[in-house]
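>>> What follows is a predicted structure for the sequence shown.
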Amino acid sequence: MDINFNKNEDHNKLLVSDLRQRLTKVKLGGGEKRIQKLHDKGKMTARERINYILDNDKKPIEIGAFAGDNMYQEHGGCPSGGVVVKIGYISGKQCIIVANDATVKAGAWFPITGKKNLRAQELSIENKLPIIYLVDSAGVYLPLQDEIFPDKEHFGRIFRNNAVMSSMGITQISAVMGSCVAGGAYLPIMSDEALIVDKTGSIFLAGSYLVKAAIGESIDNETLGGATTHCEISGVTDYKATDDKDALDTIKNIMSKIGDFDKAGFNRSKPTQPKKDPKEIYGILPKARNEQYDMMEIIDRLVDNSDFEEYKAGYGQTIITGYARIDGWAVGIVANQRKIVKTKKGEMQFGGVIYSDSADKATRFVANCNQKKIPLVFLQDVTGFMVGSKSEHGGIIKDGAKMVNAVSNSVVPKFTIIIGNSYGAGNYAMCGKAYDPRLIYAWPSAELAVMGGSQAAKVLLQIETASLKKKGETISGEDEKKLYDKIKSKYDEQISPYYAAARIWTDGIIDPLDTRSIISMGIEAANHAPIEKKFNLGVIQA
């Protein structure tokens, strides 16, 4: 192994170490003091509830751990979006668990909280997975109510989804383990079954103070909407639990009796580990985002037995396509090749760039996988489509549109891993968030933006200096460099994978060594939802 391998390895291991430290901080939610306050009330935290209810023999995956990261600082922050979402197993059944984190503003809903809850429901709907809500929330965070209340993708969409999911036969179970106030009160009641914890759980459209102000009635919250009221008088809830564990045990019992599901029928054989050591990924992946490397070396360390059947190996070489298995599941892989390649005509093509021939190949391969009912895995490290007169005259826009069309209309489940660059239209063609991947995760080395930081800063600097010249102002070389550095620093912050994860442009950031288990869990979830549509490209330019 050469010196570059060792430098890359050190760099990428430091990125993973930083990821783990950030996750440790995120998992504290609102902090240790607020965690202790919950414990003093006899309550478990959101993460403790999820850990208790999930089976121990299968590792879950988390959705949106970094939601809200470095956002809403003027409001005290919103770690993990104030809600914890995981895909795991309860009594052997794969499901989604959504738990309000009462240590973050008493579980109040920020705009990102709503977005994260909708993402959880989207995953449930797409994969026909049961969903469990562990409710402990003070309702909408009023200072930001205008950003979460009335629009299509806001708070109210959640209750609409409850109704739609019920009509689809998707199991929904709610446990009210704390406050459940105002509009939020509809979520558990629109679930199939609802539990409430005695003395700590409460459900009402308006609390005692608001009732007093509105109609002059004096009543305490427990009598107004506690467990006894709703289990014995109103009939709103179905089960009364003595404490958190009792409620969670009841859900386990209910889940253990759910029947089997119709399967999509994705092919799976006995899982095997890659022959080549996955830990070597740290040394293969370059420290700098503009350096070349062979994506095949990454693929060999992700797929079972390091066995990859490449499709059209000698054609369109800046995209790699082929068949493999990941944890036993058959997959079709579409990956950006990051090394410079030479065509049969002797032309050099830049790694990470999509050319007409590579777009054409990818389009055909996506269609093949849809015909064969094989899930697709996209490995992104893309700087975009090739530019220049030769590419434009050769119809790069048309060929790129074909690829985007195929990805958009794909009916097999798609999974996207952002390894490195995810720039411009390359993000779209390689199944970015806008193209409905079932799961989309980034490695710590990822960057998401319209273009790279240096290029963007140069473009923005040219615009800024041109604007100053129009005003008759001049700028010195030193000031120009300061302006460039300022622009690039801001842009670099925005292309960080953490910036993207905070806004749920991805489902999270993972250690590269967790990639196989993420994809495997995702395909297992997708196998709950038989494919009902036929693959059809619609109208497309020839």
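Perfect, I can see it now.

>>> Quick one: name whatever helix or strand follows the longest helix along the chain.
What stands out as the longest helix in the chain, according to DSSP state H, is helix 3-26. Using DSSP states H and E, the helix or strand that follows helix 3-26 in sequence is helix 32-40.

>>> who's in contact with the strand or helix carrying residue 228?
Element membership of residue 228 [criterion: DSSP H and E] is helix 227-228. Identification of contacts with helix 227-228 by CB atoms under 8 Å, 6 or more residues apart in numbering yields 196, 197, 198, 199, 201, 222, 237, 240, 241. Heads up, the C-betas are built off the backbone N, CA and C, glycines and all.

>>> try 7 Å this time
For helix 227-228, contacts defined as CB atoms under 7 Å, 6 or more residues apart in numbering pick out 196, 197, 198, 201, 240.

>>> And stretch 53-62, by the same measure?
With CB under 7 Å, 6+ apart as the test, stretch 53-62 has contacts from 85-90, 92, 97, 248, 251-252, 508, 517-518, 521.

>>> Nearest to residue 70 among those residues?
Proximity of the contacts of stretch 53-62 to residue 70 (CB to CB) peaks at residue 508, which lies at 15.3 Å.

>>> in the stretch 51-200 of the chain, which segments are predicted with low confidence?
Applying pLDDT under 70 to the stretch 51-200 of the chain flags the ranges 183.

>>> Do you have the strands of it handy? List them.
Using DSSP state E, counting those that start in this stretch, the strands of the stretch 51-200 of the chain run over residues 61-63, 83-90, 93-100, 131-137, 172-181, 193-197.

>>> Mind checking the ones you listed for the one nearest to residue 229?
strand 193-197 (9.3 Å).

>>> burial count for the closest residue in space to residue 102 that isn't next to it in sequence?
Spatial nearest neighbour of residue 102, chain neighbours left out: residue 136 (4.4 Å); criterion: CB to CB, 6 or more residues apart in numbering. Applying other CB atoms under 10 Å, we find 28 residues neighbouring residue 136.

>>> Run through the residues that contact residue 136.
Taking CB under 7 Å, 6+ apart as the contact definition, residue 136 lies against 100, 102, 107, 177, 178, 179.

>>> Save these as a markdown table, and put in neighbour count too.
Shown next, in a markdown table, are the contacts of residue 136 (neighbours: other CB atoms under 10 Å):
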| residue | neighbour count |
| --- | --- |
| 100 | 28 |
| 102 | 28 |
| 107 | 28 |
| 177 | 29 |
| 178 | 24 |
| 179 | 26 |
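
>>> Looking at those residues, spot the one nearest residue 265.
Using CB to CB, residue 100 is the member of the contacts of residue 136 that sits closest to residue 265, with 36.1 Å.

>>> Now for the closest residue to that closest one other than its chain neighbours: which residues touch it?
In space, and not counting its chain neighbours, residue 100 is closest to residue 107: 3.8 Å by CB to CB, 6+ apart. With contact taken as CB under 7 Å, 6+ apart, residue 107 is in contact with 82, 100, 101, 136, 137, 138, 178, 179.

>>> and if you look at residue 216?
Under the criterion of CB under 7 Å, 6+ apart, residue 216 has no contact partners.

>>> quick one on the thing from earlier: would you convert the contacts of residue 136 into TSV that also reports distance to residue 499?
TSV is the format used below for the contacts of residue 136 (distance: CB to CB, whole Å):
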residue	distance to residue 499
100	25
102	27
107	25
177	32
178	31
179	32
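
>>> Among the residues you listed, pick out the one closest to residue 190, please.
Closest to residue 190 out of the contacts of residue 136 is residue 100 (16.1 Å), distances taken as CB to CB.

>>> does that closest one have beta-bridge partners, and which?
The partner list for residue 100 in beta bridges (DSSP bridges) reads residue 83.

>>> From residue 375, how far out is it?
Residue 100 sits at a distance of 32 Å from residue 375 (criterion: CB to CB, to the nearest Å).

>>> Restricting to C-alpha, output the helix or strand bottoming out on mean pLDDT in the chain in CSV.
Across the helices and strands of the chain, mean confidence by mean pLDDT, DSSP states H and E is lowest for helix 453-470: a mean of 77. This file holds the C-alpha atoms of helix 453-470, laid out as CSV (Å, rounded to 0.1, in the frame of the first residue of the first chain):
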residue,chain,number,x,y,z
GLY,A,453,-17.0,25.1,-4.0
SER,A,454,-14.0,26.5,-6.0
GLN,A,455,-16.0,26.7,-9.3
ALA,A,456,-19.0,28.3,-7.6
ALA,A,457,-16.9,30.8,-5.8
LYS,A,458,-15.2,31.9,-9.0
VAL,A,459,-18.5,32.3,-10.8
LEU,A,460,-20.0,34.3,-7.9
LEU,A,461,-16.8,36.4,-7.6
GLN,A,462,-17.0,37.3,-11.3
ILE,A,463,-20.6,38.4,-10.9
GLU,A,464,-19.7,40.4,-7.8
THR,A,465,-16.7,42.2,-9.4
ALA,A,466,-18.7,42.9,-12.6
SER,A,467,-21.4,44.5,-10.5
LEU,A,468,-18.8,46.7,-8.7
LYS,A,469,-17.3,47.8,-12.0
LYS,A,470,-20.7,48.8,-13.3
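
>>> got the buried residues for it?
Neighbour-count burial for helix 453-470, counted by 16 or more other CB atoms under 10 Å, picks out 453, 456, 457, 460, 461, 464, 465.

>>> Export those residues as a markdown table, with columns for distance to residue 257.
Rendered in a markdown table, the data for the buried residues of helix 453-470 read as follows (distance: CB to CB, whole Å):
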| residue | distance to residue 257 |
| --- | --- |
| 453 | 54 |
| 456 | 55 |
| 457 | 59 |
| 460 | 59 |
| 461 | 64 |
| 464 | 65 |
| 465 | 69 |
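
>>> out of the residues you listed, who's nearest residue 425?
Closest to residue 425, out of all of the buried residues of helix 453-470 and judged by CB to CB, is residue 456, at 15.0 Å.
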